[in-house]
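> have a look at this prediction, sequence included:
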Amino acid sequence: MALPHRLGSSQPEEVLTLDETTRQFIREHLNDDVPTLALKKAPVGTDLSLALRQIEARQLLLKKAPEWSANEDLLFPPRLSIEQCSSAATAQYKAQLMKGKTFVDLTGGLGIDTFYLSQGFEQSDYVECRSELCGLARHNFAVLNAPVTVWNETAEDFLNHCGTYDCLYIDPARRNTHGRKTVAISDCTPDVAHLQELLLQKAPNVLIKLSPMLDIKQALAALHNVKEIHVLAVANECKELVFRLERDFCGPTELYCANLQTNQPLLHFTQEEEQNCALQLTDQPQHYLYEPNAALLKAGCFKMPSVWFSVRKLHKNSHLYTSETLFADFPGRIFEVESWAPYNKKVRQALLPDLDKANLAVRNFPLSVDELRKSLKMSEGGDAYLFATTLKGEEKVLIRTKKAAS
């Protein structure tokens with residue numbers, strides 16, 4: 001049973017409300033173009049500014065958090081907070097990593113992470129420095145029947161007076177004072193590398209969400225006690241790096257690669273395993289061609305797939321794999337090789353005489369996709385997939401494929 005709800009440290013903020021006229025306007029125009037809608041006259045009594053904001057937010061959340069988007073009673077902040085929030089899929093994944101009695105989200109934002117992670121704890125706190133977001137969070141947590149206490153403070157101020165927790169979660173803001181996106185830990189607010197000693201004093205387990213563009217090796221140099229790194233992709237687009245710190249941990253860091261919203265397996269390894277793994281190459285493409293998912297590539301998992309599956313790489317830097325036998329559970333896209341040929345002036349006539357459009361990709365190849373498309377005089381689309389890459393012997397080739405039957 002959850003512990004009694006506690007009052008946050010700030011005074012209750014003014015909470016937005018939706019009257020029925022505004023609600024009806026949102027229902028009727030939920031799928032409309034917002035800039036166009038803003039130019040039209042709304043029915044008398046409609047809070048047009050608020051309605052437009054809610055419509056825009058629900059459209060943005062439709063894929064990120066469909067259950068939140070569909071809940072008419074939830075209220076949402078301006079666009080930037082929606083763009084920065086986690087998806088429901090990544091939040092639910094992170095919720096499986098931590099359980100206990102007490103939990104705090106030090107950078108609450110929209111509250112999607114707070115909501116899902118709090119379900120594994122008896123007592124949960126939400127900390128946010130922006131008062132408007134705190135007011136919306138109080139309202140939304142009540143709508144969702146989530147007993148979460150809201151604190152209108154900065155993470156640093158809260159840490160200076162709070163007690164201890166079983167788990168802390170922090171997602172530092174990745175924008176500078178000019179609103180431009182940042183990646184490096186030291187450029188984010190707050191700087192978790194600077195705070196990590198205090199974080200681990202307050203809780204034995206700390207989850208840190210960082211930019212998917214961050215270099216993992218650089219992050220490991222800045223952070224310590226990192227027990228796990230979870231590389232989270234959603235439908236093959238890398239979205240988050242989640243670092244799990246554990247007090248007093250000093251062993252090798254385990255990397256987990258998850259491609260959410262697919263049926264692909266969750267795989268994990270250590271950097272030492274990847275480094276010590278024997279590179280297994282082949283001389284030429286075989287019947288099937290495999291392209292690893294975004295999570296594996298971001299994690300630097302280039303040799304281990306040959307251990308997990310009987311596949312071979314085309315080149316140490318190409319990151320494409322091949323086999324004669326199909327491995328349907330390979331974590332990535334799978335193609336059937338129809339033909340291949342050396343890349344030269346005759347390749348168009350030899351390999352592609354019947355094609356005027358195809359899906360092009362380059363892997364360890366001197367031309368960009370646009371340059372290759374121009375060279376081949378090929379438009380985008382169709383059922384054919386062409387890979388321009390380099391083989392073990394440094395030969396540049398073009399591989400013609402089609403998607404393997406699922």
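Arrived safely, thanks for sending.

> how about residues contacting stretch 290-300?
By CB atoms under 8 Å, 6 or more residues apart in numbering, the surrounding residues in contact with stretch 290-300 are 212, 216, 229, 231-233, 236-238, 241, 255, 257-259, 262, 264, 267, 269, 271, 274, 301, 305, 309, 311, 319-323, 327, 330-335, 361, 363, 387. (Glycine included, C-beta is placed from N, CA and C.)

> looking at those, which are in helices?
Among the contacts of stretch 290-300, DSSP state H puts Ile216, Gln271, Glu274, Pro305 in helices.

> from Leu210, how far out is the residue nearest the centre of the chain?
Nearest residue to the geometric centre of the chain (CA atoms, centre = their mean): Lys239, 1.7 Å. Separation of Lys239 from Leu210 (CB to CB, to the nearest Å): 11 Å.

> can you check Glu28 too?
In terms of CB to CB, Glu28 sits 41 Å off from Leu210.

> if you count surrounding residues, which of the two has more?
Leu210 (23 against 12; other CB atoms under 10 Å).

> and that one, what does it touch?
Leu210 neighbours (CB under 8 Å, 6+ apart): Pro172, Ile185, Cys188, Val192, Ala219, Glu240, Leu241, Val242, Phe243.

> need those in CSV with neighbour count, distance to Leu74 and pLDDT, can you?
Output for those, formatted as CSV (neighbours: other CB atoms under 10 Å; distance: CB to CB, whole Å; pLDDT from 0 to 100):
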residue, neighbour count, distance to Leu74, pLDDT
Pro172, 21, 25, 93
Ile185, 23, 32, 90
Cys188, 23, 27, 88
Val192, 26, 29, 95
Ala219, 20, 34, 95
Glu240, 23, 23, 96
Leu241, 23, 28, 97
Val242, 23, 25, 98
Phe243, 25, 30, 98
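
> rebuild those as TSV, extending it with distance to Lys40.
Output for the contacts of Leu210, formatted as TSV (distance: CB to CB, whole Å):
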residue	distance to Lys40
Pro172	40
Ile185	45
Cys188	40
Val192	45
Ala219	48
Glu240	38
Leu241	42
Val242	43
Phe243	47
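
> list the contacts of the residue nearest to the centre of the chain.
Lys239 sits next to Ser87, Thr90, Pro212, Leu232, Ala233 when contact means CB under 8 Å, 6+ apart.

> so the second one sits in a helix?
It refers to Thr90. Yes - Thr90 sits within a helix when classified using DSSP: H, G, I helix; E, B strand; the rest coil.

> where in the chain is pLDDT low?
1-15, 175-179 (pLDDT under 70).

> give me that answer again for 50
Applying pLDDT under 50 to the chain flags the ranges 1-7, 9-12.

> mind listing what's buried in the helix ranked longest in it?
Once the chain is assigned using DSSP H, the helix that runs over the most residues is helix 48-64. For helix 48-64, burial by neighbour count (16 or more other CB atoms under 10 Å) applies to 50-61, 64.

> following element in sequence after it, please.
On the C-terminal side of helix 48-64, the closest following helix or strand by DSSP states H and E is helix 66-70.

> spell out the secondary structure type for Gly163.
coil.

> now do the contacts for it.
Contacts of Gly163 by CB under 8 Å, 6+ apart are Lys202.

> one more time with 10 Å
Thr102, Val104, Lys202 (CB atoms under 10 Å, 6 or more residues apart in numbering).

> in contact with the nearest residue to Ser379 once chain neighbours are set aside, which residues?
Once flanking residues are discounted, Ser379 sits nearest to Lys357: 4.2 Å by CB to CB, 6 or more residues apart in numbering. Lys357 is in contact with Arg373, Met378, Ser379, Glu380, Gly381, Gly382, Asp383, Ala384, counting by CB under 10 Å, 6+ apart.

> how close does Lys357 get to Gly300?
Taken as CB to CB, the span from Lys357 to Gly300 is 34 Å.

> CSV please, covering the contacts of Lys239 and showing distance to Gln123.
Shown next, in CSV, are the contacts of Lys239 (distance: CB to CB, whole Å):
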residue, distance to Gln123
Ser87, 25
Thr90, 23
Pro212, 31
Leu232, 26
Ala233, 32
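
> list the contacts of Lys181.
Lys181 neighbours (CB under 10 Å, 6+ apart): Gln84, Arg174, Arg175, Asp187, Ser211, Met213.
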